[in-house]
Structure formats: C-alpha cells, structure tokens
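Enquirer: One predicted model, sequence on top.
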Amino acid sequence: MKDHRRGMTPDWIITIVAAGALCACAGCERPVEKESTLNWMASARASMEEELVGVHGAAVREAARRGLSQVAAFWRMEDGDEQTFREFVATHFAGTGDVRDELFARSQSLLEQLDGHMLEISRELRMQTDLDRGPIHPFDEIMAAYDPSAHLNEDLFANKFAFAVLLNFPLTTLDQRLEQGAQWTRREWAEVRLAQRFSRRLPAEVNRAIAEAASAADQYIAEYNIWMHHLVDGQGRRLFPAGLRLLSHWNLRDEIKASYNDTTHGPEKQQMIRTVMERIIRQEIPAVVVNNPYVDWNPVTNTVTAAAVSDVPTPPPPSLAVSDRPEPDTRYAMLLKTFEASRQADPYSPTAPTLIARRFNEDREIPEQRVRAMLEEVVSSPMVGRVAALIEERLGRPLEPYDIWYSGFRDGGATLGSELDARVGSRYPDAGAFQREIPSMLLTLGFPAGRTRAIAAHIMVDPARGSGHAWGSAMRSAPARLRTRVGPGGMDYKGFNIAVHELGHNVEQVISLHDVDYTLLQGVPNTAFTEALAFVFQAEDLRLLGLESPDARAGALKTLNDFWQTYEIAGVALLDMAVWHWMYDHPGATPAELKEATIAMARDLWNRYYAPVMKHEDVILLAIYSHMIHSFLYLPDYPIGHLIAHQVKQRMRAAGAIGPEFDRMARIGRVAPDLWMSEATGQPVGAGALLAATEEALHQLGR
Ligand SMILES: [Zn+2]
C-alpha cells in the first residue's frame, strides 16, 4: 500500500530532513530570523538593501529585505566571504518583473525534471527487488538501497541555486499559510512551496546522527520477537503453536485480534499477550526472553527456565545463560537516543526549533493544538460508550482492557473468498489484462468517458514481487506504475482488492501531476490524503467485478470498526505527543525516568478516556506501540488518516458518484491540508464526518 513519490515517501527520515519553515512559538507571525554568526553579515545586508533599491526602485525594498534575511540565515563561511555574498546578491536578485517570472518558471520546470529523473533512477535501481523477476542477489540489494537524490538539497545549496530561490521567494510560517493561504493565488502558493523546499539546511553530521539513531532504533524494534510456544501458564500449558514468532507490537496486537475467532482459548491467549505487553512496557521482561526460542517464560510469575521443548532446527548456543534479569530499560534508551539526535537539528531549524514543531507545522501542516482537539473529540465522544455496549453484547461478557483491539465487526467477507478467486483469476490471468481493463473500471466508477482513456494512458501495470504498490511519477513525461501480485493461475481476490487500492493511488497521482496548474503543487497535502483517496477505490472492488457491493449492514459494521480503531489509536497518538513534550521538558532524563514518566502518562490517558467505558483502571497498554520508540512522533498520522478518509467518503456519497468528485479533488494539489479539505468538502480537517458516520451506523444497526 505504499505510495512512492517525492515528499510522499514512507521514509520519515527524508521528511524530517527536507521540509518547510515555520514557527513553533505561539502567535509568531514571521519566520524567525537566525542571527548570522558572520561578523560582516549585518552591515553587508544593510548596504546591499540600499544597493538593490538603487538599482530596482523603492518598490522592491520589502522583497529585498526579506530575501537578504533569508539568504543570510543559511549562508555559512564555506559559501564565501563578504565580497562573494555581495556579488551573489547583486547578480541574482530578480526584482519584481519578467526575470522573476522566468526564475519561477525555470525553477518549476527544472525541479520537475530533477525530481522526476531522480525518481526514475530509483525506480530502475529497485526493479529487481520490486518486480516478480526471480531471485534477489546481494548485489541487487546494494543498488536497490542506493538513493541518488540523498545529497540533492546539499548540492543545491553548494552551487547556490537554493540561495537564488531564497533571495527571491518568500519563506512562510504555518500561521501565515493557514491565515492568509485562502487569499493567495495559485501562483503564490506555488512560490511558497518553491521556497519551502530550501527552508532548512542541516549539517551533514546532524543528518548522520539522526540516521544513526533511527537505524539503531529500527534494528532494536525489528528484532524484538516473542517466541509464543515458549510462553507457559501456571499449569505449564503452552497456548500457542510451535514455531510461532511474533514481532512486538504489530504481531502481538494482531494475534489478539485473530484470537476473537478462537472461542475456546481466545480469552486466555489474549490475557497472556496483554501480560507480555505490560512486561515489555515496564521493562520487567527478562532480557534473555527477547527473540530467544531456547527459554520458556511464564509471563505471570515472570520466571524463566531453559526451554523444555524445541521448535527450531538448531540447538541452543553453549553460551546461553538462563536468567530472569530484566531488560535494562533499553526500550527507553532507544527512544531517548532518537530524541537526542532530533535535538541536534533544532538550532538549524530556526523557524521550527523542536521536532514537535517540525512534525506538526511542517510535515502535517496542522497545528498541534488542533490535532489534539480532534483526537480528544474522538476519545471523549458519547459514541464510545454506545459502541462499547454493542461490543460487550456481541462478546457476551464485560469488556477487558485488550478489547481496545476488538476486531469482530469485520465478519462475513471471508466466506466469499474461493468463489471470488476463481472469478478474478479467469478475468485477470496476467498484469496486461488488468491494464486493459482500467478505462472500463474508471467508467464504472463514474469518470466521464473522455477522461478514462486519458488517465489510463499514464498508468503502466507491472507484476509485483510483494503484495503490490503504486509508484507515482514526479514528471509529466513518465508514467505512474501500478505493481500488482499475479500468481501462476492469474490474480486472486486479495490481489485484486489491493490492486484496486493501488489503482486509486495511481489515478490520484496522474491527475494531481498532469491536471494541476503548477507542477510545484503536484500531489496532495500529505500521505493521509492519498490513502483516503485510495480507500475510496478499494471499497468499490466488488462493484468493479460486476458484483453487488456490500449491503448497508456490512457498511455500518465497517464504519464501527473504523471508529473503534480510531478510538484506540487516538489514545496512542496522544501518548506519543505527551512523551515528546516530556522529553523536551526533561532534557537530562535517564531511561529509567523516561520509563516511569511514560507509564504514568499512559495510565493517566487510560483513566481519563478508556477506564469509564472499559471499567478497568490504571491500564498501561497504550504504551506498547513500537512506532513510539522508532518513528519520531509519527503516530498521530494514523487517527488523522481515518478522519480524513471519512470526510472524503462522506462528500462522495453526498455527490452520488465517485469519478467527477475524485477528479475535482485530485486537482487541488499540495496546498495546506485544511485548505484542501475545505475546497474538497466545504469543511476543514476534523472528526465530524467519522462521528456522523458512526451515529448513522449505530442507527442502521437499530441502536
Ligand atoms: Zn495505500
């Protein structure tokens, strides 16, 4: 479900390092100006301002002052001495006339070519690893991991193209974009995005520190497996099958979800996983248990013994020391490391001097207090109690804390599987068959006949190695790629369902590149938006196969599933936010102190928003997410994504057809999220649509 595109990359490191300028301090209207440490800079700026006014006239004074301050904020010793600075400014200040227009037009087309070709190179380098083309050799992996654009922005500062842009186009704060953005022309928005690209210049060693902390945390999380057959209860029973190895937290949580289908042992398994999660959060888990199939562990008594059974082919290493010594707060040491590395970027981000500000103001472009208000609106909604009562009734027992992962609203669908596989397989024997059907699928979704071929002409379908992904293009001369899984017997239903999701991405990518008025505005505001549009397609998969769409009852259950997931993940996101604030407030904290604080904050959030409906106090499960350790305040993106998806869906339902609305929305381009949403649906980003859909779903089910 990935969407490969510049600025849409799931690799958050890149979004941390590149991005816009804005101010974290409340009420600040202008980008914060960083004092240059060069002693000649202040006087050179003042005299160059007079010189530019002398050459171009008094009308340019404001623009000249702004451009000079923006260049000065990033100019370093290695960029040149005072004479070089003066010559650069005199040469590259474009005034307000035709030359400025030419600079804008050329920047737009050259950056489209640069980004577009870089993306094409990356796509070519990944061909063997992404496509269904036989074995991947180690040398394939080396080139697949190589990013030819990694040093692009550094190079553009070094050759001073970035300075030419900063001298002539405005850096803006989030406040400005939100307060004035609605009045800006499209050209002004494109200028804002152009300058924003060069709003930060991190020294290589800071980038390296962030990448190292990220990679250490990634590795720690990637190897944090629990060998489930080696969990034993008080009677020495093993509830989980041999060989089952679950990654924390994803697989553990999904095992809780899957266990709702196990009517005999489900609750016992779920309770045991809950205990495991709490031992991890509290770091009481014996260190030797992590990723180790050679020890048995009773999570309740927290005792460890050498494994009495073996479910791996190799014998235990001779050095194995069985001990119940707890993990030494490594989880929190990793998180602190990502915080320490992020802080190193603060002085070089004068307009967003904390990671918190960069995440909300630059990456998401929705202020933190608005995000918090939206999430609190969900977790404190009266709908929570009503849905909880329905879950309790369906389960036939009082709720347990792990029921925040209740998955039972998604029933039915699976039984259709085998019939559908046959139908899909005969219709789509290969990737080419899917490609040929795209125009008629778009017609079914209500796109005008004149548009379907034009859009489909820019999409190429390839057989994928994995489950599928959509690789958009960043320049108009290259097609978007739809990668989909095709087995020897053709596509199956699961593959088709994912392919339709990816098709939604591709159609958005094509329209938002080819039909947007400025390529500097190509795309959508952030990944949540492109996912929302892809889900609109995915929900229509049965109709695209010529079958009945799911009935109203199934739709209502799906909405309740979305609501319950959002309720759960909103609390997790609020905890992520609280933890980052705590770290900034306690910069010298030890891992043990961070652990205690995290547990206390998780408990407080639970007691405020979950205990009233779950009827259990002091639960700490919200702290189990691995993203909190290795993803630099990424978690709020998930609940925001659910809210956005429902807003888009609500609008399309009201319009009665997908095609024309999709076409209209995808042309809005990468303006601020609230502006995009207001233009798309008449409302800024918010929880209203999800809550209204939940209310309607409850009504539908006779509640
Ligand atoms: Zn997706």
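Expert: On my side now, so go ahead.
Enquirer: low-scoring pLDDT stretches of the stretch 101-250 of the chain, where are they?
Expert: For the stretch 101-250 of the chain, applying pLDDT under 70 flags no range at all.
Enquirer: what's around the residue of the stretch 151-300 of the chain found nearest the ion, how many residues?
Expert: Closest to the ion within the stretch 151-300 of the chain is W250: 17.0 Å, counting by Cβ to the ion. Using the backbone N, CA and C atoms, a C-beta is placed for each residue, glycine as well. As a burial measure, W250 scores 13 neighbours (other Cβ atoms under 10 Å).
Enquirer: swap in N153?
Expert: With other Cβ under 10 Å as criterion, N153 counts 17.
Enquirer: Secondary structure element for it, which one?
Expert: Assessed by DSSP states H and E, N153 sits inside helix 152-158.
Enquirer: what comes up buried for that helix?
Expert: 153-154, 156-157 (16 or more other Cβ atoms under 10 Å).
Enquirer: so how far is the helix or strand following it off the chain centroid?
Expert: Downstream of helix 152-158, the first helix or strand assigned by DSSP H and E is helix 161-168. Centroid displacement of helix 161-168 relative to its chain, using Cα atoms, centre = their mean, to the nearest Å, is 30 Å.
Enquirer: helices and strands around helix 161-168, which ones?
Expert: helix 61-74, helix 82-92, helix 98-125, helix 152-158, helix 186-196 (3 or more Cβ pairs under 8 Å, 6 or more residues apart in numbering; DSSP states H and E).
Enquirer: Give me the below-cutoff pLDDT ranges for this structure.
Expert: The low-confidence ranges in the chain, as defined by pLDDT under 70, are 1-36, 411-417.
Enquirer: Tell me the spacing between the closest residue to T129 other than its chain neighbours and the ion.
Expert: For T129, ignoring the flanking residues on the chain, the nearest one in space by Cβ to Cβ, 6 or more residues apart in numbering is A144 at 4.2 Å. From A144 over to the ion the distance is 21 Å, taken as Cβ to the ion, to the nearest Å.
Enquirer: how about the residues of the stretch 501-650 of the chain near the ion?
Expert: 531, 534 (Cβ under 5 Å from the ion).
Enquirer: just the strands in the stretch 401-550 of the chain please.
Expert: 459-463, 468-471, 480-484 (DSSP state E, counting those that start in this stretch).
Enquirer: As TSV, the ones you listed with distance to the ion and mean neighbour count would be great.
Expert: Conversion of the strands of the stretch 401-550 of the chain to TSV gives the following (distance: least, Cβ to the ion, whole Å; neighbours: other Cβ atoms under 10 Å):
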stretch	distance to the ion	mean neighbour count
strand 459-463	15	20
strand 468-471	7	25
strand 480-484	12	25
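Enquirer: any idea how far E212 is from the residue nearest to T129?
Expert: 21 Å (Cβ to Cβ, to the nearest Å).
Enquirer: who's more crowded, those two?
Expert: A direct count of neighbours by other Cβ under 10 Å for A144 and E212 places A144 higher, at 15 against 12.
Enquirer: How about the secondary structure of the more buried one?
Expert: The local conformation at A144, judged by DSSP: H, G, I helix; E, B strand; the rest coil, is helix.
Enquirer: K337 too?
Expert: K337 is classified as helix under three-state DSSP.
Enquirer: Name the nearest residue to it, sequence neighbours excluded.
Expert: Take K337 and drop its neighbours on the chain: the residue closest to it by Cβ to Cβ, 6+ apart is A213, 4.6 Å away.
Enquirer: Measure how buried the one you found is and give me the count.
Expert: Quick note: A213 (other Cβ under 10 Å) scores 22 neighbours.
Enquirer: P660 now?
Expert: Neighbour count for P660, taken as other Cβ under 10 Å: 16.
Enquirer: Would you confirm that it contacts G450?
Expert: No. Counting by Cβ atoms under 8 Å, P660 stays clear of G450, with 11.8 Å between them.
Enquirer: hang on, the earlier thing: contacts only, for the residue of the stretch 151-300 of the chain closest to the ion.
Expert: S626 (Cβ atoms under 8 Å, 6 or more residues apart in numbering).
Enquirer: For the residue lying closest to S678 once chain neighbours are set aside, give me its contacts.
Expert: Once flanking residues are discounted, S678 sits nearest to P684: 5.5 Å by Cβ to Cβ, 6+ apart. P684 makes contacts with 674, 677-678, as judged by Cβ under 8 Å, 6+ apart.
Enquirer: now swap in V304 and tell me
Expert: Contacts for V304 (Cβ under 8 Å, 6+ apart) come out as 286, 288-289, 295-297, 322-324.
Enquirer: Can you flag the buried ones in those?
Expert: Buried members of those, counted by 16+ other Cβ under 10 Å: 286, 288-289, 295-297, 322, 324.
Enquirer: for those residues, which one is nearest I459?
Expert: Taking Cβ to Cβ as the measure, I459 lies nearest V289 of these, at 48.1 Å.
Enquirer: OK, contacts around the closest one?
Expert: Counting by Cβ under 8 Å, 6+ apart, V289 makes contact with 226, 230, 295, 297, 304.
Enquirer: Make CSV out of those and add secondary structure and distance to I599.
Expert: What follows is the contacts of V289, written out as CSV (DSSP: H, G, I helix; E, B strand; the rest coil; distance: Cβ to Cβ, whole Å):
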residue, secondary structure, distance to I599
I226, strand, 20
H230, helix, 26
V295, strand, 25
W297, strand, 21
V304, strand, 23
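Enquirer: isn't L166 right next to L68, touching?
Expert: No. Between L166 and L68 there is no contact under Cβ under 8 Å: 9.7 Å.
Enquirer: just checking, F88 touches A162?
Expert: No. With contact defined as Cβ under 8 Å, F88 does not count as touching A162 (11.6 Å).
Enquirer: what do the two both touch?
Expert: With Cβ under 8 Å, 6+ apart as the test, F88 and A162 reach no residue in common.
Enquirer: Touching stretch 261-271 from outside, list them.
Expert: Contacts for stretch 261-271 (Cβ under 8 Å, 6+ apart): 233, 239-240, 255-256, 259-260, 400, 402.
Enquirer: for stretch 158-165, same thing?
Expert: By Cβ under 8 Å, 6+ apart, the surrounding residues in contact with stretch 158-165 are 71, 74-75, 79, 88, 92, 103, 107, 153, 156-157, 194-195, 197-198, 201.
Enquirer: which residues sit in contact with A213?
Expert: 337-338, 340-342 are the contacts of A213 under Cβ under 8 Å, 6+ apart.
Enquirer: most neighbours, which of those?
Expert: With neighbours taken as other Cβ under 10 Å, the top of the contacts of A213 is S342, carrying 26 neighbours.
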